[in-house]
Structure formats: C-alpha cells, structure tokens
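Asks: Here is my input; please provide its structure:
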Amino acid sequence: MIKKTVLIVCIFLNSLLVSTQKETHQLTVKITNLTSNKGVVMIGVYNNENDFLKKEFKGKVIPINNNEAVATFKLLPKGTYAVSYIHDKNNNGKLDKNLLGIPKESYGFSMNIKGFMGPPKYNEIAFEVSDNKTINIKN
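Replies: Numbers count the residues shown, from 1 in each chain. From the prediction side, this is the model:
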C-alpha cells in the first residue's frame, strides 16, 4: 500500500513539474560582413522596450572568424525579442565614439535596421520567437 501511495505522489509531482515548465526555444544570431577579425562581437538580446540598450536579457561576447560571428542563446521563453551588436575591435568592452559622439566601431540591430540620428526603437527591430530561430544581421 505504501509503495502504491508513493508511486501516486511521484506521478502527481512529476505532472505538476511538467505543467509548470515554460516552453523554451533557441535563438541563433549570425553577424556577417564584419570588416575584420580583430577584437570581438558583443551581442545583446532584449525582451522588453524598457530595458532596450540598457539591460540585456541575455548577452554574449563572441570571437570573430572569417569576418563572421555566431552566437546561440538557449532556453528563451516564447516571446518578443530584439538584438543589438557591437564589433569591439579593440576589445575594451564598449562602443568607441569620436568627439562628436559618432561611433567609431561598427554596430547593428536585428531586422538589419540602422537608426537615424541614434539607435532604432525596440518595436522597429523586435521579432517573435515561438520556435527555434536563426536571424542574420549584415554589418
């Protein structure tokens, strides 16, 4: 009787655990046409407008090979995301700018949208992740 009760409790707990797990997906970001293999590429994934370019949901620093950088982000819940990148040529962890505030290093965003007089808005570059997905961003 005790074995049967323990088995029933284990089945119940397992079904409860499975039902509370969120559906997750994998996002692969491929950045092509970089001007050199120097430095690294810093990639940020954002999951809401308020944190866009302030606080990444997930981020990675990726080496460059053959003027490309590829990063895979796992366990992303289904939702809306935006991606930005910086080609940090001197590997100092930031986007270098000149005296006028104009970037000296390349950067880009998902949907291959470039901002005008500043970065684009979150909703301009956002995309849905509801399955495993690969996005390509051309420098």
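Asks: Need the residue closest to the centroid of the protein.
Replies: Centroid check for the chain by Cα atoms, centre = their mean gives residue 45 as the closest residue, at 2.9 Å.
Asks: How much space separates that one from residue 67?
Replies: For residue 45, the distance to residue 67 equals 22 Å [Cβ to Cβ, to the nearest Å]. Quick note: C-beta positions are derived from backbone N, CA and C, even for glycine.
Asks: Contact partners for the residue nearest to the centre of the chain?
Replies: Residue 45 is in contact with 27, 29, 56-59, 73, 76, 81-83, counting by Cβ atoms under 8 Å, 6 or more residues apart in numbering.
Asks: Buried only: go through the residues you listed for me.
Replies: When the contacts of residue 45 are checked for burial by 16 or more other Cβ atoms under 10 Å, the buried set is 27, 29, 56-58, 73, 76, 81-83.
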